[in-house]
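A.B. asks: Below: sequence and its predicted model.
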Amino acid sequence: MSDPAGRLVGDAPASLEALLNRFPVLAPPVPTGGAAVMIVLRDGLSEVETLLIVRATRPGDPASGDVAFPGGHVAEEDGSLLRTGLRELEEEVGLGESDLAGPARFVGTRFAQRFGLHVGIFAASLGPRGRAPTARDSNEVSHVFWLPRSALGLTRRVVRETVFGPLEVNATVVGDEVLWGFTRRVLRDFFGLPTEDDLGGPVFAKAERSGSAVPAG
């Protein structure tokens, strides 16, 4: 669980169990936001890894091709932010509660100022008998991958299309995957890395049905 120089990345605990134990199991009983996302963790070969998805490329979709957490908009029938996160987790990558090692922890909510949207953030670990996550609908999710914690210790400046036009932003680049914006900020905070001055808030594409969502960067 170290960067290439052999140092632990971030001030957060090293072990998966200790990372999750910082947060309560008790979640908001009713929706207190417009969307929810799930941070799913696992013990990789040498360090903790985070499950991320890559959104499908779709014309007119502001989240097209972006790296994100599984998650999306609250649906009327969800009843709570936690149920929203778990529903989206299953719909997008095929993981249910039985695939998790324990109950999801409530990390908190983050306000997306540009879009006037509160996003509930939950975290859980993949169980030892949990299914391998996979993209359930290629029209929404292109593919999934696991990001090593140490990758967050390296910042690159990349140009991305934003609501303000093309801008240079902070990013984590692993292979062909570019993590930036909301998802990267949440992960850096989760692992105890310093806040970087960057654009605020996730982009959510227009839902084609109640409850569907396409969160991005």
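C.D. replies: Thanks, I have it. Numbers count the residues shown, from 1 in each chain.

A.B. asks: Local confidence estimate at residue 27?
C.D. replies: In this prediction, residue 27 carries a pLDDT score of 70.

A.B. asks: Check the secondary structure at it for me.
C.D. replies: coil (DSSP: H, G, I helix; E, B strand; the rest coil).

A.B. asks: The one 4 residues further on too?
C.D. replies: Under three-state DSSP, residue 31 falls in the coil class.

A.B. asks: ok, now which ones touch the residue lying closest to it once chain neighbours are set aside?
C.D. replies: Closest residue in space to residue 31, ignoring its immediate chain neighbours: residue 74 at 4.9 Å, by CB to CB, 6 or more residues apart in numbering. C-betas here are computed from N, CA, C, even on glycine. Residue 74 is in contact with 31, 33, 34, 35, 36, 81, 84, 211, counting by CB atoms under 8 Å, 6 or more residues apart in numbering.

A.B. asks: What is the burial count for residue 122?
C.D. replies: 25 (other CB atoms under 10 Å).

A.B. asks: Let's verify it: helix, strand, or coil?
C.D. replies: At residue 122, secondary structure determined by three-state DSSP is strand.

A.B. asks: Settle this for me: it is touching residue 40, isn't it.
C.D. replies: No - Residue 122 is beyond contact range of residue 40, at 9.3 Å (criterion: CB atoms under 8 Å).

A.B. asks: which residues do those two both contact?
C.D. replies: Both residue 122 and residue 40 lack any common contact, where contact means CB under 8 Å, 6+ apart.

A.B. asks: which residue ranges form the strands in this protein?
C.D. replies: 35-43, 48-55, 67-68, 71-73, 105-112, 117-125, 141-148, 156-162, 165-174, 177-180 (DSSP state E).

A.B. asks: Let's have those strands in JSON lines, adding mean pLDDT and distance to residue 14.
C.D. replies: Below are these laid out as JSON lines (pLDDT from 0 to 100; distance: least, CB to CB, whole Å):
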{"stretch": "strand 35-43", "mean pLDDT": "96", "distance to residue 14": "11"}
{"stretch": "strand 48-55", "mean pLDDT": "96", "distance to residue 14": "8"}
{"stretch": "strand 67-68", "mean pLDDT": "94", "distance to residue 14": "24"}
{"stretch": "strand 71-73", "mean pLDDT": "91", "distance to residue 14": "26"}
{"stretch": "strand 105-112", "mean pLDDT": "88", "distance to residue 14": "17"}
{"stretch": "strand 117-125", "mean pLDDT": "93", "distance to residue 14": "14"}
{"stretch": "strand 141-148", "mean pLDDT": "96", "distance to residue 14": "13"}
{"stretch": "strand 156-162", "mean pLDDT": "85", "distance to residue 14": "25"}
{"stretch": "strand 165-174", "mean pLDDT": "90", "distance to residue 14": "19"}
{"stretch": "strand 177-180", "mean pLDDT": "94", "distance to residue 14": "21"}
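
A.B. asks: how about residue 84, what does it touch?
C.D. replies: Contacts of residue 84 by CB under 8 Å, 6+ apart are 31, 35, 36, 71, 72, 73, 74, 75, 78, 120, 211.
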